[in-house]
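**Student:** Next input, structure requested:
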Amino acid sequence: MSLVLDAGAFLAIERGDRLVAAVIKIELAEGRKPLTHGGVIAQIWRGGARQARVASLLEGTDVVPLDEELGRRTGVLLGRTRRTDAIDAALILIASDGDTVVTSDASDLRALAAAAGVHVDILEV
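**Tutor:** Just a heads-up that it's a prediction; the model follows:
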């Protein structure tokens with residue numbers, strides 16, 4: 001099981017959200033790295049000292065590339081669901097059954113997960 005981080009999780013860390021920090025700390029203490037993909041990083045990264053917490057979290061996070069294969073699968077999922085957020089759809093596709101997805105966009109991710117047949121827990125922040 002993995003902890004899969006959407007942009008909302010990184011933004012929560014940036015603003016000092018203690019609940020999200022605790023969940024991530026537990027994940028790391030159990031020897032697992034959180035997971036995200038490069039598109040999420042593009043959504044949240046602006047650089048600079050303000051993002052020191054985000055930069056620290058990224059150091060301990062596995063970042064999956066949003067490559068051609070994932071891009072094609074994402075497009076198929078978007079077509080099937082008639083949705084348009086490629087970042088959210090790709091996030092669901094890197095998740096596995098039993099994972100927990102940390103997000104501020106729970107309703108969209110639930111719908112995408114259902115359409116993809118991925119059984120994840122959603123932690124809304």
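
**Student:** what about D67, distance to G48?
**Tutor:** The gap separating D67 from G48 is 28 Å, by CB to CB, to the nearest Å. In short, each C-beta sits where N, CA and C put it, glycine included.

**Student:** can you check D85 too?
**Tutor:** 26 Å.

**Student:** The two: which has the busier surroundings?
**Tutor:** Counted by other CB atoms under 10 Å, D85 and G48 do not tie: D85 has more neighbours, with 16 against 8.

**Student:** Run a quick neighbour tally on the residue nearest to the more buried one when sequence neighbours are not counted.
**Tutor:** Distances taken as CB to CB, 6 or more residues apart in numbering place D108 nearest to D85, at 6.4 Å, with adjacent residues excluded. The number of residues packed near D108 is 17, by other CB under 10 Å.

**Student:** what does T100 give?
**Tutor:** 18.

**Student:** circling back: let me know the secondary structure of the residue nearest to D85.
**Tutor:** Under the three-state scheme (DSSP: H, G, I helix; E, B strand; the rest coil), D108 adopts helix.

**Student:** Which residues are in contact with it?
**Tutor:** Residues counted as contacts of D108 (CB atoms under 8 Å, 6 or more residues apart in numbering) are 83, 85, 88.

**Student:** roughly how far apart are the first one and L93?
**Tutor:** Taking CB to CB as the measure, R83 falls 13 Å from L93.

**Student:** mind checking how far A22 is from A113?
**Tutor:** Distance from A22 to A113, by CB to CB: 24 Å.

**Student:** Compare those two (neighbour count), which wins?
**Tutor:** A113 (24 against 10).

**Student:** Next one: that one, what pLDDT does it get?
**Tutor:** Per-residue confidence at A113 stands at 98 (pLDDT).

**Student:** can you check the one 4 residues further on too?
**Tutor:** G117 is assigned 98 on the pLDDT scale.

**Student:** ok, R83 and L93, which is more surrounded?
**Tutor:** More crowded of R83 and L93, by other CB under 10 Å: L93, with 22 against 15.

**Student:** secondary structure class for that one?
**Tutor:** L93 - assigned by three-state DSSP - is helix.
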